[in-house]
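J.: Here is the input, now give the coordinates:
(one chain, ligands or ions: 2)
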Amino acid sequence: MTAKFKADSRPLLTQKYSPLELEHEVRSFWEKNRILKKLEETREKNNVGMLGYVEGPPTLNGIQHVGHARGRVIKDFRFRLKTMQNFYVAFWAGWDTQGLPVELEVEKTLGAKNKKELIARVGEERFVEECKKSIMKYHRLWVEADTMLGLFIDQDKAYYTHQDRYIEREWQYLKRAWDQNLLGEGYYVVAYCPHCQTSLSNAEVGLGYKEVEDPSIHFKFRLSGTENEYFVIWTTMPFTLVTDMIIGVNPKEEYARVKVGDEVWILARARVEPIMEELEIEKYDVLKVMKGKELVGTKYEYPFKDLIPKQQELDEHPQIHTVVDENFVDVSTATGIVHLSPANGEDDFSASQKRNLPMYAPFDEQANFTEEAGKFAGFFVRKTDSMVVDELRNRGLLLKLKTVKHEYPTCWRSHHKLVWMARREYFMWTGKINDKVMEASQKVKYFFDSPKNRFLAFLKEGKRWCISRDRVWGSPLPIWVCEKCGEKTLVASKQELIEKALEHPGKDFELHKPWIDRVILKCEKCGGRMQREHFVLDVWHNSGASPYARFTDEEFSKFVPVNFLTEAVDQTRGWANSLLLEHVIFTGKPEAPYEEFLFQGFVLDAKGRKMSKSLGNVLEINKLLKERSADISRFYFLWKCSPIDSMNFDLQELKGRPYQVLSTLYHLHNFFLQNAEYDNFNPKKHTLKWATNRKALNTPDLWLLSKLQNLVKDFTEKAEACEFNFALSKLEDFVVNILSREYVPMIRKDLWSDDPETLNRRLAVYATLWRTLKTLVLLFNPATPFLSEALYQKIYKKLDDSLPETVNLESWPTPDKELEDAALEEEFEVLLQTLPIVYSARQDAQLKRRWPLAKAIVVAPKKAQEALKKLETLFLELANIKTAEYADEPPEVDHKRWAKASEGELQILLDKTRGDALEGEGLMRDLARRVQALRKELGFSPTDIVEAVHVAELDSSDIALLKPYIGEMEGLVRAKTVHVHGERVKVDADWHESKLDKKKVYVAVL
Ligand SMILES: [Zn+2]
Ligand SMILES: [Zn+2]
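T.: Ligands and ions are numbered 1, 2, ... in the order given. Here you go, the predicted structure:
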C-alpha cells in the first residue's frame, strides 16, 4: 500500500474527539503562554472602546455548583464575544468575603454553642483570623473551578470586600448618604433567636417552621367610658400584651354588638356563632350590626397601666389604645379584632409607623424586658406569657385559656421559637430618593420583560434599607457616638480616624472588629469620648459598593457605568438593587452603574427539583469537570433554554446533542485537514479569490458561503440580545445539517479523485471549507473556547503561521455582502426539499439510494421546476437518477412501474425498471460501500490509495454486470486496481467476510 501522507507528516488531529485531553492541553497552552494577559495587553493598547465590568462577587463560603457556573459561563461568553469585537473589557474577578455564612462556618469548625459563648472563649481576634482562613480555603476551590470551566476572568485583579482599601472606598458611599441625610437610626422588627442571640434573615426564618405548642387565650378589653362593653380578642402570644398599643378592625367588614349576660361584646359578625360555641355560651343576642369603620377611634382601657408606668404615660397619646382600621385584619378567623404590638410584629409595626406613633420597645440584647416594662422587667419575653394570663384572670378579663399546636417559625440552628421584636438599627432612607432610583432603573436594558417588571416593581416599593448587622466579621459602620451628649459623627477614612482619635490601637490597625472598636474619638461638640456604634454593614452594601470600591478613581471614571452584568433572578432584591441604590446616593444623579443587566433563571436538577444538600443533588463544578467536558457543559448551559428560564440540568443530555454538535465540528475538521494536506492546500495562496478567478467555485460552495453570511449575522444578533439558546441552535443547525449532512455529500465526489487536472476544483473546495470552518471556530469560541483554541492551534495556525497567537486575538466575523446570494439560497431550498421526497419514494419501493435509476418525474409549481432545472446536475447526482422530467400536473402512469411520494406541492415519480447497466452500477456501489467500510476498519486513512482490492465468491452473472464499472469502482474505493473473482484465489492479504443482500462475499485489501 502507498500512504497518501508524506513520510514525515503525522495526523495533527486524533481520529477521535477526546474533549478532556484536548481541554487539558489547551489549559496548559493558555497558562504557559500567558494568553489571557497577552489578550488584555493587546486590547488595552488597541481597541474600539473600553467596557467596564464589575464582578457580582460570589460569597467565599461553599463550592461552585452548576447554578453558579451557568452565570459564569454567560459572563465569559460575553467577555470573549466583546473582546473579539475588539473591545477592552475589565473582566476582573471579585469576592464577597464577609457575612453570616462565613461566621456560621467558623462557629461550626470551632464547635461553638452560640456566637456569644464562642467569642467569650476564643476572643474576636482569633474569630476574625478563622474567618479569613475559611474564605481562603473556598477561594482556592473557586479559582480551580473557574480554571476548569475556562473562564477568562482576571483573577490577579480580583477585589475582596474585606480588604481595608475596599472598605475605605465603601465608606465613601456612606459618607455621601450621611451628608444628604439619607442615613440614620430607626427601629426595625426582626425575627430574633433568643438562644443564638442573633436576628435571622427572612430566608433563614423560612428554614425552620415546626409544629409547636403555645397558649391560646381569648380575652376582653373594656371600652373606655363604659361599664360593661368589651372588645373580644384572641392571641397565642400573651406576652405581646405588654407592648400593646392599638387594636385593629377591618373597616369594610361587619361587626356585631352582642349581649352576653350583663355585658355587651363586640366582635366580627361572622365570628359570633363560632366564638360563642368556642366559649361555650349558649344564650346571647346580637343587638346591632355595624361596619368596622364605625369603631375606628374608640378608646379602650389598657388593663396593665398600673403595672407598667410607661404604658400609663403612652395612654395620654390621642391614638394610643384606640381602634384603628387595617385592611389586613381577617374576619374569617379568631374574633376579627386584633391587638397590635408595634414592637413585636411586622404588620403591627407598619400600622404604627403609618400613624407616627412613638416607639415602645422595652427589650435588651437578650430579648429580656427592660425597666420600661414595669412589673415584667428582667424576664425573658416569652417567659411572661403565664404572668400576663394571670393578670388578665385577676382582672376578670380572661375568657378562655387552652393550648394549641401550630406551625411556627423556629431557629433553624437551635430550634428555639423565634420572637419578633423591634430593634434599633441604621437605615438608608431610600424612599426619599425613589424618584431618582426609578428614573435610573428605566434607562437600563434588561433584555427580557418579565425580570424587568419584577425588578421595577420591587424598586417602586422604595422600602427603607436596613444596613446594620449585629455581627463580628464585617465592614464596620463608621459612625461614632458621644457618650456624654449623644452627638454622632461619620468618619470615612482611616487617616482621618487616626488624626481625630483620642485613643487608637496603633497606626496599622485593621478596619475590622475588634481593632476598630478601640478607636475612641473626641466629641467636637462637648469634648467627650465617642465610641463606635457596634454594628457591621449588610453584605449587600459591601457588594453594592463595588463600582467605586473595586476601582481607582481613574478606573471608576473610565469604566462606570459598566456595560453588562448578569446574575440570577433573585438578585433583583439583592445585588442589582444595592448597586443601583448606592450609585444614585453616591452620584446624586438618576443614573444606574450598569447599562445592561441580564437576570438568569435558576439551575435545577434533571427532575426539576431545587438542588440542595439535603436532597444530595448538588452538582459541584470541581467534581463534575473531572469527568465531563467543560466545552460540552458550557455549550449545554447556553443551548438548552433561554437564560431567563429555570434550567433542568441533566447529565444524560450532555452526552446527546451537545456532544454530537461539537464532535461533528471536530470531525469536519478532520475531514478537511486530511484532504487539504494531501493536495498541499495553502490557505495564503488558495483563497476564495484565487478560486473565483479560476472559476473553480461551484454552486454548492456559493450556496454554503451565502448561508455562512446569514449565520454570522443571525448568531451575532442573537448573542447580543442574550438569546443564547437561539444563537447556539443556529450554530447547531449549520454544523450538523447544512455543512455535514447537506454540503459535504455535494462535494465529496470532487475530493475523491487525485487527478491533477481537477486539482483546482479540489483547492476551491478547501478554500470554501477553510473560510467556513474557520468562521465557525470563531463563532464557537465564546461558547466552547477549548475546542476552538485546539482547532485553531492544530489546523489554522499550523497551515498559516501569520495568524495571531490565539483564537481569542482574532476579530469577530462580519457578514461579507459579496458572498450573499439570496436567489441561490432559495433554489437550494427547493433542492433540499425535493431530495427527501425522492428518498421516501425509493424507500417505499425498496430501491436503495446507491442504485442508480433511469428517470424521475418532478411534479411541481413552475418556480420550483426552474430552481431544480438550474441545479439539475447536482439534483440528479444526489438523487442518483439519470434523467429528470418536469410536469405541472401529475401524469397518467402505470402504478406498477412507477414509485411515488409527495410533500406539499411537490410530487416525485420514480421509474422502478432497472436494466443490466443500472443493476451493474448499483451492485458496484453496494460493493464499493463494503470495501470503504473495510478500509476504515483496517485503519486506512480516507486519503490513502491501496494497491489492489479483490472481491470473491460472486456469481458469474454478477461478475458480468460489474465488469463495465470496475474503473469507476477503483476510483470510489481508492485502489490502483480492483479484481472480481468467482472463488477465493490466493492473495497476499486476508479475506474478510461481508454480506451483500443475502449472499456472502469476500473482500481483501492490499
Ligand atoms: Zn437559634
Ligand atoms: Zn459630646
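
J.: ok, which stretches of the stretch 101-250 of the chain are helices?
T.: Per DSSP state H, counting those that start in this stretch, the stretch 101-250 of the chain carries helices over the ranges 115-149, 164-179, 202-207.

J.: Can you pull the residues of the chain lying near ligand 2?
T.: When proximity is defined as Cβ under 5 Å from the ion, the chain approaches ligand 2 at 482, 484-485, 487, 523, 525-526, 528. For glycine as for every other residue, the C-beta is placed from the backbone atoms N, C-alpha and C.

J.: please redo it, this time with the cut-off set to 8 Å
T.: Taking Cβ under 8 Å from the ion as the criterion, the chain approaches ligand 2 at residues 482-487, 523-528, 530.

J.: Would you reformat those as a markdown table and include pLDDT and secondary structure?
T.: Output for the residues of the chain next to ligand 2, formatted as a markdown table (pLDDT from 0 to 100; DSSP: H, G, I helix; E, B strand; the rest coil):
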| residue | pLDDT | secondary structure |
| --- | --- | --- |
| Cys482 | 97 | strand |
| Glu483 | 95 | coil |
| Lys484 | 96 | coil |
| Cys485 | 96 | coil |
| Gly486 | 94 | coil |
| Glu487 | 96 | coil |
| Cys523 | 96 | coil |
| Glu524 | 94 | coil |
| Lys525 | 96 | coil |
| Cys526 | 96 | coil |
| Gly527 | 94 | coil |
| Gly528 | 95 | coil |
| Met530 | 98 | strand |
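
J.: Filter the residues you listed down to the buried ones.
T.: Among the residues of the chain next to ligand 2, those scoring as buried are 482, 523, 528, 530 (criterion: 16 or more other Cβ atoms under 10 Å).

J.: Show me the two of those that sit farthest apart.
T.: Greatest spatial distance among these (Cβ to Cβ): Gly528 and Met530, at 6.9 Å.

J.: ok, now how distant is Val232 from Leu398?
T.: Val232 sits at a distance of 12 Å from Leu398 (criterion: Cβ to Cβ, to the nearest Å).

J.: can you give me the helices for the stretch 751-900 of the chain?
T.: 759-780, 785-791, 797-799, 822-844, 862-870, 872-879.

J.: same thing with the stretch 551-700 of the chain?
T.: All helices of the stretch 551-700 of the chain, identified by DSSP H, counting those that start in this stretch, fall at 553-559, 575-587, 621-627, 630-639, 651-654, 657-678, 688-693, 699-720.

J.: To Val472, which of the ones you listed lies closest?
T.: In terms of Cβ to Cβ, the element of those nearest to Val472 is helix 575-587, at 21.5 Å.

J.: one step back: common neighbours of Gly528 and Met530, please.
T.: 482-483, 487, 522 (Cβ atoms under 8 Å, 6 or more residues apart in numbering).

J.: Enumerate every residue touching the residue in the stretch 451-600 of the chain that ligand 1 sits nearest to.
T.: Nearest residue of the stretch 451-600 of the chain to ligand 1 (Cβ to the ion) works out as Asp470 at 13.8 Å. Asp470 sits next to 198-199, 534-536 when contact means Cβ under 8 Å, 6+ apart.

J.: Mind telling me what element the closest residue to ligand 2 within the stretch 701-850 of the chain is part of?
T.: Per Cβ to the ion, Cys722 is where the stretch 701-850 of the chain lies closest to ligand 2, at 54.7 Å. Per DSSP states H and E: Cys722 is located in neither a helix nor a strand.

J.: so it touches Phe447, yeah?
T.: Yes: with contacts counted by Cβ atoms under 8 Å, Cys722 reaches Phe447, the gap being 4.5 Å.

J.: Can you name the residues that contact Trp812?
T.: For Trp812, the contact set (Cβ under 8 Å, 6+ apart) comprises 81, 84-86, 716, 778.

J.: at 7 Å instead, please
T.: 81, 84-85, 778 (Cβ atoms under 7 Å, 6 or more residues apart in numbering).

J.: Tell me the one among those nearest to ligand 2.
T.: Leu81 (57.6 Å).

J.: Kindly state the pLDDT recorded for the spatially closest residue to the closest one that is not a sequence neighbour?
T.: The spatial neighbour of Leu81 that comes closest, neighbours along the chain excluded (Cβ to Cβ, 6 or more residues apart in numbering), is Pro782 at 4.6 Å. In this model, Pro782 is scored at 98, pLDDT.

J.: again, but for the one 5 residues further on
T.: Looking at Leu787, its pLDDT reads 98.

J.: going forward can the numbers begin at 636, since that is how I track them
T.: Got it, the first residue is 636 from now on, which makes the last one we talked about Leu1422.

J.: Now do the closest residue in space to it that isn't next to it in sequence against ligand 1, distance only.
T.: Nearest residue to Leu1422, sequence neighbours excluded (Cβ to Cβ, 6+ apart): Asp1266, at 5.0 Å. Taking Cβ to the ion, to the nearest Å as the measure, Asp1266 falls 45 Å from ligand 1.

J.: tell me the pLDDT at Asp1551?
T.: For Asp1551, pLDDT reads 86.

J.: three-state assignment of the nearest residue to it once chain neighbours are set aside?
T.: Nearest non-adjacent residue to Asp1551, counting by Cβ to Cβ, 6+ apart: Leu1596, 5.9 Å away. Following DSSP: H, G, I helix; E, B strand; the rest coil, Leu1596 is assigned to helix.

J.: got it, and Tyr1637?
T.: Classified using three-state DSSP, Tyr1637 is strand.
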